[in-house]
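Peer 1: here is a sequence together with a model predicted from it:
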Amino acid sequence: MTVATRPARGRASSVRSAGHLRAAQQTVVIPTFNERDNIAELLARLTMVLPAEVTRIIFVDDSTDDTPSVIQTLARTCPIPVTVLHREHATGGLGGAVLEGMRLAHGEWTVVMDADLQHPPEVVPDLIAAGRRDGADLVVASRYIGSGSRDGLATGLRRLVSRSSTAVAKLLFRGALRRISDPLSGFFAVRTSSLELIGLRPLGYKILMELAVRTRPPRVVEVPYRFQARHAGESKADLREGLRFLRHLALLRAGGMRLRMLGVAAIGASGLAPNLIALWLLSHVLGLHYLVGAVLANQVALVWNFLLTELLTELLFHRRRHRSLAGRLSRFYLMGSVDLAVRVPALALLVSSLHMGVLWGSFVTLVASSVFRFLILDRVIYAARPKPGEGNVMAA
């Protein structure tokens, strides 16, 4: 057994024959998360429809069970060379896993599909054949054309969510997705030479939408397929994936920095109401000096803004809560105190020197401090964790 090394990704034990890698005409990339009971059937069916001498299969695994070892065991008797990349940190979710697999892909075509057999392996040759016949750069397996079907979605609610999500995506990206009836499909083939991976920033499980919007492949064709019921295991679709999808849409539409700034601005704007109401009660109803009222009202707004930021952290900052709750709260309060120390003198200047009303002066100082607050939130309190290593590549 020979051993290859890739310093950026970890170590790789060898494949059965290095010649297979050079001769591969298609690489099938399959992301997995706890799919141990689907692997045997998946490999058996892929082996039946794909020529082993020109095919390679890459599993990119984020599992918490023994899926990687199951793949390795079955790969020993699989005619097609199989590689397993197990990631210790699931950066980018399913889309990030697909991107890692694409970086390892060889051959003319890279096919992406799920491991749960909702994407029929028998359709893979049809995707490649359509791409070659039509000179396509991207071939999408679609549930929404011809004989295609989404019957494998378990409930009416899931079908409604799927159709609504597709409609929203096509509405937001009419130009990039006008030729794709099923932009949320996770089943597609792309000409490997046309892949431009540098600009891709996948989030969650909609890698096709990311690919289509960011790279704009010039020639796209579609092949109908019938979405199947899951072979074994449980669906990974949940509320968290739904939030990831919404954030992904926003990132593609507005960009990461702009999205976070808009989100923080919206939270800050929502805090204006409790701040100004509290200030009015304290200064006009209770008769406190307006500067004392501004200090106390700021505490009310701080609590409001912190709770709302925590609630929306997944959407805005994507799991940047690696600091403890106490650490985030203390930094948030320190930010608010520094902000207040600047705003109170500014408010006094606006009221006493420019004769501005207390509420209007407070509004002006709150708006002016929003950029400062965003930078502290983005760079300090919810700062991104440095990217860890990506894990080990094991080839059977």
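Peer 2: Alright, I've got the coordinates.

Peer 1: who does the longest helix along the chain touch, helix- and strand-wise?
Peer 2: Among the elements of type helix in the chain, defined by DSSP state H, the one spanning the most residues is helix 325-352. Using 3 or more CB pairs under 8 Å, 6 or more residues apart in numbering; DSSP states H and E as the contact criterion, the secondary-structure elements in contact with helix 325-352 are helix 290-311, helix 358-368, helix 370-376. Heads up, the C-betas are built off the backbone N, CA and C, glycines and all.

Peer 1: rerun that using 6 Å as the cut-off
Peer 2: Contact analysis of helix 325-352 by 3 or more CB pairs under 6 Å, 6 or more residues apart in numbering; DSSP states H and E lists helix 290-311, helix 358-368 as its packing neighbours.

Peer 1: CSV for these, including mean neighbour count?
Peer 2: Compiled in CSV, those are given as follows (neighbours: other CB atoms under 10 Å):
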stretch, mean neighbour count
helix 290-311, 18
helix 358-368, 18
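
Peer 1: now those helices as TSV including mean pLDDT?
Peer 2: Formatted as TSV, those follow (pLDDT from 0 to 100):
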stretch	mean pLDDT
helix 290-311	78
helix 358-368	75
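
Peer 1: of all these, which one is nearest I57?
Peer 2: Go through the helices and strands packed on helix 325-352 one by one with CB to CB and the one that ends up closest to I57 is helix 290-311, at 41.1 Å.

Peer 1: between helix 358-368 and that closest one, find me the angle.
Peer 2: Interaxial angle of helix 290-311 relative to helix 358-368 (axes from the mean of the first three to the mean of the last three CA atoms, to 10 degrees): 40 degrees.

Peer 1: what about Q72, distance to G148?
Peer 2: Relative to G148, Q72 is positioned 34 Å away (criterion: CB to CB, to the nearest Å).

Peer 1: ok, back up a step: R163 is nearest to which of the helices and strands packed on helix 325-352?
Peer 2: With distances scored as CB to CB, the stretch of those nearest to R163 is helix 290-311 (27.9 Å).

Peer 1: could you export that closest one as PDB, CA atoms only?
Peer 2: What follows is helix 290-311, C-alpha atoms only, in PDB (Å, rounded to 0.1, in the frame of the first residue of the first chain):
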ATOM      1  CA  TYR A 290     -32.800  63.800  31.000                       C
ATOM      2  CA  LEU A 291     -29.200  62.600  31.200                       C
ATOM      3  CA  VAL A 292     -30.000  60.300  34.100                       C
ATOM      4  CA  GLY A 293     -33.000  59.100  32.200                       C
ATOM      5  CA  ALA A 294     -30.800  58.400  29.100                       C
ATOM      6  CA  VAL A 295     -28.400  56.300  31.200                       C
ATOM      7  CA  LEU A 296     -31.200  54.200  32.700                       C
ATOM      8  CA  ALA A 297     -33.100  53.900  29.400                       C
ATOM      9  CA  ASN A 298     -29.900  52.700  27.800                       C
ATOM     10  CA  GLN A 299     -29.900  49.700  30.100                       C
ATOM     11  CA  VAL A 300     -33.400  48.700  29.000                       C
ATOM     12  CA  ALA A 301     -32.300  48.900  25.300                       C
ATOM     13  CA  LEU A 302     -29.100  46.900  26.100                       C
ATOM     14  CA  VAL A 303     -31.100  44.000  27.500                       C
ATOM     15  CA  TRP A 304     -33.500  44.100  24.500                       C
ATOM     16  CA  ASN A 305     -30.700  44.200  21.900                       C
ATOM     17  CA  PHE A 306     -28.700  41.500  23.600                       C
ATOM     18  CA  LEU A 307     -31.600  39.100  23.800                       C
ATOM     19  CA  LEU A 308     -32.600  39.700  20.200                       C
ATOM     20  CA  THR A 309     -29.000  39.400  18.900                       C
ATOM     21  CA  GLU A 310     -28.700  36.000  20.800                       C
ATOM     22  CA  LEU A 311     -32.000  34.900  19.200                       C
END
